[in-house]
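[1] Here is a sequence with its predicted model. Questions after.
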Amino acid sequence: MTKRFLSIGECMVEMAPAADGNFGMGFAGDTLNTAWYVRRELGEDWDVAYFTAVGNDAISNRMIAFLDASHITTGLIRRIPDRTVGLYLIQLDNGERSFAYWRSESAARRLAADAEVLKSSLAAADLIYFSGITVAILPPSERQTLLTAIAGARANGATIAFDPNLRPRLWEDADTMRNAVMDAAAVSDILLPSFEDEASAYEDRDIEDTARRYAGQGVPVVIVKNGAGEMLALDRGNIQRFKPDPVASVVDTTAAGDSFNAAYLASYLRSGELRPALEAGAALAARVIGRRGALVVD
Ligand code: ADP
């Protein structure tokens, strides 16, 4: 029987500078990036679906067509009339990338507006993946709707994976972010934080601090990513440390964490073993940071 990996969040239009001074259009977003890589990593016995909300307009249709062409199931995606998808533009200034966003009124912010639709969309999922960005973009009253639906799916047997992906600027204030992320952790089975972000938000002194803070919320498996540094996995009380192989030339770290999560989860879902999953995650992330862009084809 086919199993379902369901990723929840926001996919945006990406405008990236090209060599000729024009901008090239693509589609990306943290939870979409992970779904896109998971689709490539998992076999045909898994359906990989994306849950979000888009508009009824031409650019929303193009986004759906892109997901369809990437073999990501789009049937659950909500259509919100009078809204459209968010957009970000990458600017290059002496080789340094900066991002400008147009997303404050995006359709994806309404993805949890209907609790019943949300509940039925999550019902058939075996693994549900979401991130701190998924939670941050929702109106505060709908954050709880999302966590309640996820907790309900978990009670019915789904495994929940969560990447805090801390982005202070998306939140009203730092306390709201810290509390909401801990609430999301409390309904999750697998946590995939990145140490640098966690240390600045929660004042964790080291990777073990981060892992134990989330384990304290009852999370069975915590994988603390740490850039080029040593990672830590805390699996039901057992600690493993893992150092990724050095990458000779780092071209663009966009989607390093998203692709790590994808290969880690795909491997973990196949074998249930920690070490090969960490190796798979680090190997894919190493390939992704060796190329430009979020979605790297080979
Ligand atoms: P995020 O992109 O979420 O901030 P990290 O920077 O921690 O996440 O990176 C995610 C993963 O990408 C790491 O766990 C590691 O496997 C890999 N990675 C990132 N930077 C490097 C690097 N300089 N050398 C080798 N691997 C890296």
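    Right, received. Where do you want to start?
[2] Could I get the contacting residues of the closest residue to residue 143 other than its chain neighbours?
    Nearest residue to residue 143, sequence neighbours excluded (Cβ to Cβ, 6 or more residues apart in numbering): residue 135, at 5.4 Å. No exception for glycine: its C-beta is placed from N, CA and C like everyone else's. The neighbourhood of residue 135, defined by Cβ atoms under 8 Å, 6 or more residues apart in numbering, consists of 143, 146, 147, 180, 181, 184.
[3] again with residue 260
    Residue 260 neighbours (Cβ under 8 Å, 6+ apart): 192, 225, 281, 282, 284, 285.
[4] so what's the nearest residue to residue 154 once chain neighbours are set aside bridging to?
    Nearest residue to residue 154 in three dimensions, chain neighbours excluded: residue 160, at 5.2 Å (Cβ to Cβ, 6+ apart). For residue 160, the beta-bridge partners are residue 128 (DSSP bridges).
[5] Please compute how far stretch 110-125 lies from its chain's middle.
    18 Å (Cα atoms, centre = their mean, to the nearest Å).
[6] Pull out the buried residues from it.
    110, 111, 112, 113, 117, 118, 121, 122, 125 (16 or more other Cβ atoms under 10 Å).
[7] out of these, who's nearest the ligand?
    residue 111 (21.9 Å; Cβ to the nearest ligand atom).
[8] Make sure that closest one is actually in contact with residue 52.
    Yes. Look at residue 111 against residue 52 with Cβ atoms under 8 Å: they come within range, at 5.5 Å.
[9] Quick check: neighbours shared by the two?
    By Cβ under 8 Å, 6+ apart, the residues touching both residue 111 and residue 52 are 8, 10, 78.
[10] re earlier: okay, the contacts of residue 135 in a markdown table with secondary structure, neighbour count and distance to the ligand next?
    Formatted as a markdown table, the contacts of residue 135 follow (DSSP: H, G, I helix; E, B strand; the rest coil; neighbours: other Cβ atoms under 10 Å; distance: Cβ to the nearest ligand atom, whole Å):
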| residue | secondary structure | neighbour count | distance to the ligand |
| --- | --- | --- | --- |
| 143 | helix | 19 | 21 |
| 146 | helix | 21 | 21 |
| 147 | helix | 20 | 22 |
| 180 | helix | 21 | 18 |
| 181 | helix | 26 | 14 |
| 184 | helix | 24 | 16 |
